[in-house]
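Novice: this is a predicted model, with the sequence first.
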Number of protein chains: 2
Amino acid sequence: MTFTDIATRTYDHSWRLDPIVRSLLDTDFYKLLMVQMIRRRHPDVDVTFALINRSRVVRLADAIDAHELRAQLDHARTLRFSKKELIWLAGNSFYGEARIFAPDFIAWLGDFRLPEYELRTVDGQFELHFSGPWTHATMWEIPALAIINELRSRAAMRDKGRFALDVLYARAKARLWNKVERLQQLPDLVLSDFGTRRRHGFLWQRWCVDALKEGLGSRFVGTSNVLLAMDADLEAIGTNAHELPMVAAALASDDVELARAPYRVLEEWQASYGGNLLIALPDAFGTSAFLANAPDWVADWTGFRPDSAPPIEGGEQIIAWWQQHGRDPREKLLIFSDGMDIDTIEATYRHFHGRVRTSFGWGTNLTNDFRGCDPDGDAALAPISLVCKVVSANGRPAVKLSDNPAKATGDPAEIARYLRVFGAAGRTETAVHV
Amino acid sequence: MTFTDIATRTYDHSWRLDPIVRSLLDTDFYKLLMVQMIRRRHPDVDVTFALINRSRVVRLADAIDAHELRAQLDHARTLRFSKKELIWLAGNSFYGEARIFAPDFIAWLGDFRLPEYELRTVDGQFELHFSGPWTHATMWEIPALAIINELRSRAAMRDKGRFALDVLYARAKARLWNKVERLQQLPDLVLSDFGTRRRHGFLWQRWCVDALKEGLGSRFVGTSNVLLAMDADLEAIGTNAHELPMVAAALASDDVELARAPYRVLEEWQASYGGNLLIALPDAFGTSAFLANAPDWVADWTGFRPDSAPPIEGGEQIIAWWQQHGRDPREKLLIFSDGMDIDTIEATYRHFHGRVRTSFGWGTNLTNDFRGCDPDGDAALAPISLVCKVVSANGRPAVKLSDNPAKATGDPAEIARYLRVFGAAGRTETAVHV
């Protein structure tokens, strides 16, 4: 005899919505760290975040039904932090530090909800904007990206039979586990999951995180996803993002303040957090300019996260800078998180092994690598380069130069001004795939 | 919230036995065809079947608990053909022919149960014998082999975690589907599942059969497993086995009768069945001897199943024989079923394409290929060369010579006598892996 739980089956074939984001903790940890600081230091700054699809050839609005997108975004707006989640945020230690989130911030989170959004469809693409207080608009970045990426996956899956899906996920599991077995050969590996925003889907990200936990043990140090960190008893990983220097730069009153903005942001961060949270992002307006003009105390920070330069060249540049400033790189940390995959992780690990501490934030190629898995071909499930960036602060345009001009965002006239202020040294155009 | 069907979960963690064989139809179709004929022609012959583990290095009784084996064998003895199963056997067409099973045989099946067994453990191996009327003892072959093979798989799985199992089956699915995609390149392929006796497990065989049905469509013509054929609306495939000539030879009163035995069996078969069921097994006592002495009417049969010669050499030998007898090989059928896998299927298909009709019975390497799938290494899940053969008939020893001396079975003195009668022409020793 076959037993079927009739209530479950009935629910499965009749539900109204399968929510993609079911918790406000289903976001990147650095958002919470940044929002706590933003709330304290910049409570009156209004910003706008905008969706940017760098993979223009993929017409997102053709693949995804706008009504489904609205239903998912609307559902996310109904979410509140649960008591359990707030108690965990207040009681857990992060990076070895207890009570990193102050009681007034926890109380503020208790009232938090995602603000409104503006959605339009233009020429096969979505124009999606989130405007409001910086503390609120910024919290849309990760859930909005996760929702759009999973809706695209679901659309690609819609017409597949039960069997094709079975083969597809079997292949994807086999593919990831083969990567895990290669990573097992790197004894001093330090790796974490950075794949929330680009994930194929929530359940798939959870499987990937379970796979790394099972396969790498203590070499898998955690996940940027706060919900998964809580549920799997993993460390929540992350520090800060480009939006901090971008907003500081946008609000600078003149070119002199603009040039100082990247370091002013670090001063604010250092006043809020310490220790392993002192990781600088050097590339918002070009790493070469950042290092050339950085005050000596920046060399006291724990490390850097080069996020747009090629990993080995970018790391060597920073090591040379530490040495110029009399610091021992072996006590420093480099975090690599820009489009890493098994080959570049292996090469970067081996290149730097013994010379500097390294850590890898593995994103898209961890949680959304289905190459060779779909019997119908790779196109529909290939990840796209979709980002959600701050585009203005208090009505002034925000800019990111990056070490890779292909990743620059902002108004062309403003980009030209930033290039005059920061210079273009060391910037190299590289194709952006993910 | 998470919903769990409590009754199911409770059953899962407390069941007494997870039966491996749950239906008497979970056997190879040719057994039913043979038993119907045996019952009509040889109702008084008593035989003994014995388990033979050609992979002596694998100490089966160390891997498998003898009590578990008894529990599974005992459970199989409780099985009866259900009404639904008998109605299907009576009402279904096999090889395009309705009512292939006579009403009196169906009625006889209704009372059938597996006879007793004798089990002993000797030096790390099981001595397992099935004695009784030929009609009954023969029915143990397939369930006994399926039970032992699945118990061995289960033992290999016992200490694996949920995650390791997930990866293992994901890899196995990916591995099989890659074979399916290669088979899709062979437009005139005719392939069936012959993997019941050597399967990793029942559920895995069912998945494999579903995979072939999904991936190959009408090129997957069916399965030897009667239960899966019924449940998946596939053709039941199979005709006859070596036990027919082996018993006929054992009962032969002298060397002259012995030499005639292989053809007498074909006469009996031809009197019972026709059309596509007229497939001869040429290799019981060596294909060269069989062909050299065969009467001309054997060339009127639909085809041959060379089961121990290398497929291309074996096929060429038979084609040459048909041509010598003035028959057009393009109207004839060769069925290849001896340890085939994707490479040999492709090579054999391409070699014979357009010259003779070919069909492939895919066994061990379909339903029990876990090479490279187990993170703990291949040894515990590697299939073994386990057979269950008739060893005596009415107290006289039974012998199989085969085209491959490594597959010969029987008393050495009797083997020597058979070699005198049939000759050793064309026999080539080849390692037997599965």
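Specialist: Alright, I've got the coordinates.
Novice: pLDDT at residue A:1, what is it?
Specialist: The model reports residue A:1 with a pLDDT of 65.
Novice: over to the one 5 residues further on?
Specialist: pLDDT, the model's per-residue confidence, is 78 for residue A:6.
Novice: do you know how far it is from chain B?
Specialist: Relative to chain B, residue A:6 is positioned 9 Å away (C-beta to the nearest C-beta, to the nearest Å). Where you see a C-beta, it was placed from the backbone N, CA and C, and this is true even at glycine.
Novice: which other helices and strands does the lengthiest helix in chain A contact?
Specialist: Among the elements of chain A assigned as helix by DSSP state H, the one spanning the most residues is helix A:162-183. Helix A:162-183 makes packing contacts with helix A:202-216, helix A:342-352, helix B:162-183, helix B:202-216 when contacts are defined by 3 or more C-beta pairs under 8 Å, 6 or more residues apart in numbering or on different chains; DSSP states H and E.
Novice: just the C-alphas of stretch A:75-87, formatted as CSV.
Specialist: Coordinates of the C-alpha atoms in stretch A:75-87 are reproduced here as CSV (Å, rounded to 0.1, in the frame of the first residue of the first chain):
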residue,chain,number,x,y,z
HIS,A,75,5.0,39.2,0.4
ALA,A,76,8.5,40.3,1.5
ARG,A,77,6.9,43.5,2.7
THR,A,78,4.6,41.6,5.1
LEU,A,79,7.6,40.1,6.9
ARG,A,80,8.7,41.2,10.4
PHE,A,81,11.7,39.9,12.4
SER,A,82,10.3,37.2,14.7
LYS,A,83,11.0,37.1,18.4
LYS,A,84,13.2,34.1,18.0
GLU,A,85,15.2,35.9,15.4
LEU,A,86,15.7,39.1,17.5
ILE,A,87,16.6,37.0,20.5
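Novice: what residues does the stretch 101-250 of chain A have near chain B?
Specialist: Within the stretch 101-250 of chain A, the positions lying close to chain B (C-beta under 8 Å from any C-beta of the partner chain) are A:161, A:163-164, A:166-167, A:169-175, A:177, A:181, A:210-211, A:214.
Novice: distance of whichever residue of the stretch 251-400 of chain A sits closest to chain B from residue A:167?
Specialist: Nearest residue of the stretch 251-400 of chain A to chain B, counting by C-beta to the nearest C-beta: residue A:375, 7.5 Å away. According to C-beta to C-beta, to the nearest Å, residue A:375 stands 6 Å off from residue A:167.
Novice: now do the shared contacts for those two.
Specialist: When contacts are counted by C-beta atoms under 8 Å, 6 or more residues apart in numbering or on different chains, the set common to residue A:375 and residue A:167 consists of residue B:177.
Novice: with neighbour numbers in mind, choose between these two.
Specialist: Residue environment comparison for residue A:375 versus residue A:167 gives the larger neighbour count to residue A:167, 25 against 16, counting by other C-beta atoms under 10 Å in any protein chain shown.
Novice: for the nearest residue to the more buried one once chain neighbours are set aside, which residues are in contact?
Specialist: On the basis of C-beta to C-beta, 6 or more residues apart in numbering or on different chains, the spatially nearest residue to residue A:167 that is not a chain neighbour turns out to be residue B:177, at 4.7 Å. Contact analysis of residue B:177 by C-beta under 8 Å, 6+ apart lists A:167, A:170-171, A:375, B:211, B:215.
Novice: what would the helices and strands packed on helix A:162-183 look like in JSON lines with mean pLDDT and distance to residue A:62?
Specialist: JSON lines is the format used below for the helices and strands packed on helix A:162-183 (pLDDT from 0 to 100; distance: least, C-beta to C-beta, whole Å):
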{"stretch": "helix A:202-216", "mean pLDDT": "97", "distance to residue A:62": "23"}
{"stretch": "helix A:342-352", "mean pLDDT": "98", "distance to residue A:62": "32"}
{"stretch": "helix B:162-183", "mean pLDDT": "96", "distance to residue A:62": "29"}
{"stretch": "helix B:202-216", "mean pLDDT": "97", "distance to residue A:62": "29"}
